Structure formats: structure tokens, C-alpha cells
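K.L.:
Sequence and predicted structure below; questions after.
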Amino acid sequence: MAVETLVEPPPSTLSGVARVLVNAGKLNAKTAEELSKSARERKSSFVTAVIGAGAMKADDLAHTLSGALALPLLDLNAVDAQRLPRNIVDQKIASQYQLLVLGKRGNRLFIGAADPTDQEAVERIKFATQLTPEWVIVEYDKLMRQLEAQNASANEVLESMASADFDFDVSDDDAAAETADVSTEVEDAPVVRFLQKMLIDAINMRASDLHFEPYEYTYRVRFRIDGELREITQPPVAIKEKLASRIKVISRMDIAEKRVPQDGRMKLKFGSKAIDFRVSTLPTLFGEKVVIRILDPSSARLGIEALGYEKVEKDRLMQAIGRPYGMILVTGPTGSGKTVSLYTCLNILNQPGVNIATVEDPAEINLPGINQVNVNDRAGLTFAAALKSFLRQDPDIIMVGEIRDLETADIAIKAAQTGHLVMSTLHTNDAPTTLTRLLNMGVPPFNIASSVLLITAQRLARRLCENCKKPADYPRDSLLKAGFRPEDVDGNWKPYRAVGCASCNNGYKGRVGLYQVMPITEAIQRIILSEGSALDIAKQAEVEGVRDLRQAGLAKVRAGVTTLEEVITVTNE
């Protein structure tokens, strides 16, 4: 009677590919144990250990796994690598788990791998893509060549985006953060150069903000130029985590924390001057979105003439900031230039014999000679708390970043009534509604009437490019409907239209302010004390010669500074 030869069952410690190969008789249990131990020590996969030790050839291993696990086998040499999807699975995950995305059908994602038993890879892909992985066996050596080619391709794309003709140095303040991890910096050199290139391009293009936005299959970089977002480039999706980490390191944020928004700052040298950047991160569905705001200190030193005030408006503002006490309010939506207007006024008032203190959230531009404080709600340093402290610091002028609540408004008004000049901002549509907003907050009418000196509402409109603007023919009725008076449109005058040339952005270059500057006169004070409406205040302001924002914009159209379309867009309320 013949005696059957039984294959020794693999030890219970073996699992995955090791168990399959022992069961198939390709490896003995002892060799499999040794290779498993070697893989664990080197923190590599079992398949890498098998091929590296020469225990099996890559094609034999692939055929064995395909037959034992009943999975399809694919020869990667027969696949056009250029047509493989690149943006479904992050390149970092693909390299870590040694897998290649072959295609997608419905909610199924076809994955080429030499080790289809890696459950951690399955869960990671499910979580990252919300798709169900379907495994296809591929040969290890061909798989690694494809992955190396994809990584090299991503780096080449970044290198081509980041040309070498610039010099961008980190300031001394950030030297420690810059050199925190030399090995990582060397490894991610293309990402570092790409970030530097984007920052320099943004500065040269006069951008105010940079947006780095991750999506499911794409990664987009946009700049806000003259108030409009423009898509600049789409780098490889694989860099999104490295780029976000790089920005967070320089901005001194927690690079391990990706679940909550973070704020930070960085200061970088560009040529002979240093420029501050305010950085904000936000967790989104497909990664962290990063927005970088460029804070150019020179914008606060432009001078009041460069902001676009007409002579009458400028005279009213200068008269108000020359008063020894009272409150001046600047209003408008986010991004309307309120901070620059306040800083410009502070720069005029910043003299050796004057004590100026500001509280902001956060301080955007550093002005020498001014005591600037950042709000810190977690530590209890609110606008109201800082204001209370300011009053014990012997200030002459106080600037509050924003009046958000009754407590802040109440302290600011009391400071204005006790010999201090107070400047602040509010988010309202125009000057008259600012007064009713304070009333709605709960500020008593007599406090408003006795403390507020002047309110400026403002918007920013794109400025026409002087090189390419051309006269436009508009129907007379359209001009009258927009707000022009009959005497304005009669005659030979014509508005200009945007054309576009190599030196501008679709016919516009830079921005100009539109201002409604409303002094609080005795007549307006009486309306406030009688709790009149914003409409009553607006009518009285018009009688006193205060132009609303639309009229201020139309004056810029008549002067050829901007277009009628732009004014209608920014003053359409």
C-alpha cells in the first residue's frame, strides 16, 4: 500500500502571501518564517523580501498567487502606462503599499499589486477613494518600474513648473523651521521649489491671495488678482500632502494635526525686502486646502492719494482724523480694503509724540512705532479685554480691528468719549446703515450721536489698463439708468471699456477705491437721537453733498479710471 506524502501545514504565525506560497509548495515553512522576520525588521513587504532574497522569480510568484487566489493576472508590459489613471489614489499611498491603479468602473477600482492579501491597503484605499478595490495580480519587478516612472514623472512636472531663475531666502526668524528636517527637505526638493515659484509668481502678478485646493482627481492652484480668482496651474495630486506639510512647517503649525483648521504666519525675503504671509489651512473632503494671504507692508505707506479718494472726501477724512477724540468707522464687506484704509490713516498719525495701540484678529501689517496686539480668544484676550487694557496704557489713538458685539462697541464708544481717537471697522453695506447697526447692537442713540465723527463705506473696483483701454458706445438710456445725470452724458464724453493686453488682466490692472465719506453733522445727530431709519440718514447725507457708492463709482467712470460694468458689479445692492 502506497504511503501518501503530506505537505507540512504552515505555522499559524504565517499569513497572507507567505501562507499561500507554503501551501503551494513553493517555500518551506522555515524559509517563509525567516523571510517574514526579515520583512518585519526592514519594514518592507513579504513579496519584496522573497524577490530580494532570490527565493522565487517575479513571474513564478505572480502565476502562483493568481492560481491560488483565483485572481486575474496582467502583464504590465502590455499596458500603455500613459493611459493609466493617475489622480484616483495618492501617489504616496501607491508607493507605500506597492500598488498601481489600472482603471475604474462604477464603484469598483481595479488595482494591480504583487501582494493582494494586504488588508491594510484595502482599508486605506476604501477610505481614500470611497470605492471597492478589485485586485489584479501583476509581476513585482514590472510593478516597481511603473511606480518609479510615475514618481519621476511627478517630480519632472514640478521641476518644469519651478524654473531656476529666482532667489528666495527664508528670513532669520524662520531659519529653525526651514532646517527642521534636512532629509525631508532634500527628498521633497521639487515640492519646495514649486512652493517658492508659486509665491514669487503671486508677488510678481500682484496677487493678494494664493489658494491650494485638493479635489478628488485634481489639485488646483489659484491666485486672487485684482479681486478675481484665476487658475494658475494644476500640479500632480500626489504632492498635496507634502505641499501642505511644507507650508505648515514654515508657518509653525502642527503638521500632525489635519482634522481642524489652523492659522499661521511666515516671513520670507524677496530680493531686498521681506514680505509677510498669513496662512490658513482647512480640512476638506480630499485633503487640506491652504490659503496664503500676501501682506505687503508697502501698501500701508502708499499715501491717501493713492487710495482713490476724491478731494472733498479726502478733506473730510483728514479733518476727522485730526480731531483729538471721537470715533471713525470704516465699513464694507470682506476684501474691500478697510484694513489698508485704517493703516494709511494710522501711518499719517504715527508721530513720535503719539501713543497708538491696535487690537486685531490678526495684525496683518507690522507698522513700526505702533503697539499691535493679536486677539487670542482661547487665552481670554478678546477685543473687549484688550480695549479695557488699552485704557490703562495711556493711549492717544486706538484702532479696533472689528466691532463684533455690544461689549466691544460700548468700551470703544466710552474710549471715544473720554479723550481718545478710536478707529474701527464694521461689516455693513453703506455709511447710513452703520448707524442703525450700532443701534441694533444695543448701543444707546445718545452715545452714537455724541461719539461718532465720521463713517466711510468703501468698495474696491478694478482699474482700467492705461495701455489698452478704448472708448465704448453705450446707449444714452443705459447710462441714465445706471445713475448718470442728463448733463453728464450729453456732449462728447464717452466711457471706456476693458480690452486686454500682455501687461494686464483682461483689460484691468490694479484696483481703485470707491468711497462714501459721511461726517456726522448736527442734522444727522438729531435723526439718530430721534431713532430715525437708515433711509432718513441717507436722505440727509445726500442733502449735505455726500455721494453714495454708486455715485462715487460713476465719478471714476467719468474720469476713465474704471468701467461702467465694474461699478455696477461692485455697487449692485
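P.N.:
Here it is on my side, so go on.
K.L.:
Please count neighbours and contacts with C-alpha atoms only from this point.
P.N.:
Fine.
K.L.:
any idea of the pLDDT on the most centrally placed residue in the chain?
P.N.:
Centroid-nearest residue in the chain: residue 291, 1.3 Å away (criterion: C-alpha atoms, centre = their mean). Predicted confidence (pLDDT) for residue 291: 96.
K.L.:
So it lies in a strand, does it not?
P.N.:
Yes: checked against DSSP: H, G, I helix; E, B strand; the rest coil, residue 291 lies within a strand.
K.L.:
Give the full set of residues in contact with the closest residue to it other than its chain neighbours.
P.N.:
Nearest residue to residue 291, sequence neighbours excluded (C-alpha to C-alpha, 6 or more residues apart in numbering): residue 211, at 4.6 Å. When contacts are counted by C-alpha atoms under 8 Å, 6 or more residues apart in numbering, residue 211 touches 220, 221, 222, 223, 289, 290, 291, 292.
K.L.:
Residue 211 should be in a helix, yeah?
P.N.:
No: using three-state DSSP, the assignment for residue 211 is strand, not a helix.
K.L.:
And the strands in the stretch 201-350 of the chain?
P.N.:
207-214, 219-225, 228-233, 262-270, 273-284, 287-295, 326-331 (DSSP state E, counting those that start in this stretch).
K.L.:
hang on, the earlier thing: the residue nearest to the centre of the chain contacts residue 283, correct?
P.N.:
No: taking contacts as C-alpha atoms under 8 Å, residue 291 lies outside contact range of residue 283: 11.7 Å.
K.L.:
burial count for the closest residue to residue 294 other than its chain neighbours?
P.N.:
In this structure, residue 294 finds its nearest non-sequential neighbour in residue 277, 4.8 Å apart by C-alpha to C-alpha, 6+ apart. Counted with other C-alpha atoms under 10 Å, residues neighbouring residue 277 total 23.
K.L.:
per-residue confidence at residue 277?
P.N.:
Per-residue confidence (pLDDT) for residue 277: 89.
K.L.:
cool, and the one 4 residues further on?
P.N.:
Each residue has a pLDDT score; the one for residue 281 is 94.
K.L.:
which residues touch it?
P.N.:
Residue 281 neighbours (C-alpha under 8 Å, 6+ apart): 261, 262, 263, 288, 289, 290, 291.
K.L.:
The second one touches residue 252, doesn't it?
P.N.:
No: between residue 262 and residue 252 there is no contact under C-alpha under 8 Å: 10.1 Å.
K.L.:
so residue 425 bridges to which residues?
P.N.:
Beta-bridge partners for residue 425, by DSSP bridges, are residue 330.
K.L.:
right, and it touches residue 399 too?
P.N.:
No: look at residue 425 against residue 399 with C-alpha under 8 Å: they stay out of range, at 9.0 Å.
K.L.:
Export stretch 308-322 to CSV, keeping only CA atoms.
P.N.:
C-alpha atoms of stretch 308-322 as CSV (Å, rounded to 0.1, in the frame of the first residue of the first chain):
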residue,chain,number,x,y,z
GLY,A,308,-8.6,106.9,-4.8
TYR,A,309,-10.2,109.5,-2.5
GLU,A,310,-11.7,112.5,-4.3
LYS,A,311,-10.5,115.9,-2.9
VAL,A,312,-13.8,116.5,-1.0
GLU,A,313,-13.7,113.0,0.5
LYS,A,314,-10.1,113.2,1.4
ASP,A,315,-10.5,116.6,3.1
ARG,A,316,-13.4,115.2,5.2
LEU,A,317,-11.4,112.2,6.3
MET,A,318,-8.3,114.3,7.1
GLN,A,319,-10.3,116.7,9.2
ALA,A,320,-11.8,113.8,11.2
ILE,A,321,-8.5,112.0,11.9
GLY,A,322,-7.1,115.4,13.0
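K.L.:
now that stretch: mean pLDDT?
P.N.:
90.
K.L.:
How about stretch 22-34?
P.N.:
So the average pLDDT for stretch 22-34 ends up being 80.
K.L.:
Just the terminal-to-terminal distance for it.
P.N.:
Terminal residues of stretch 22-34 lie 13 Å apart, using C-alpha to C-alpha, to the nearest Å.
K.L.:
Any idea how far that stretch is from the middle of the chain?
P.N.:
Relative to the centre of its chain, stretch 22-34 is centred 54 Å away, using C-alpha atoms, centre = their mean, to the nearest Å.
K.L.:
can you pull the buried residues of that stretch?
P.N.:
Residues of stretch 22-34 classed as buried by neighbour count (16 or more other C-alpha atoms under 10 Å): 22, 23, 26, 27, 28, 29, 32, 33.
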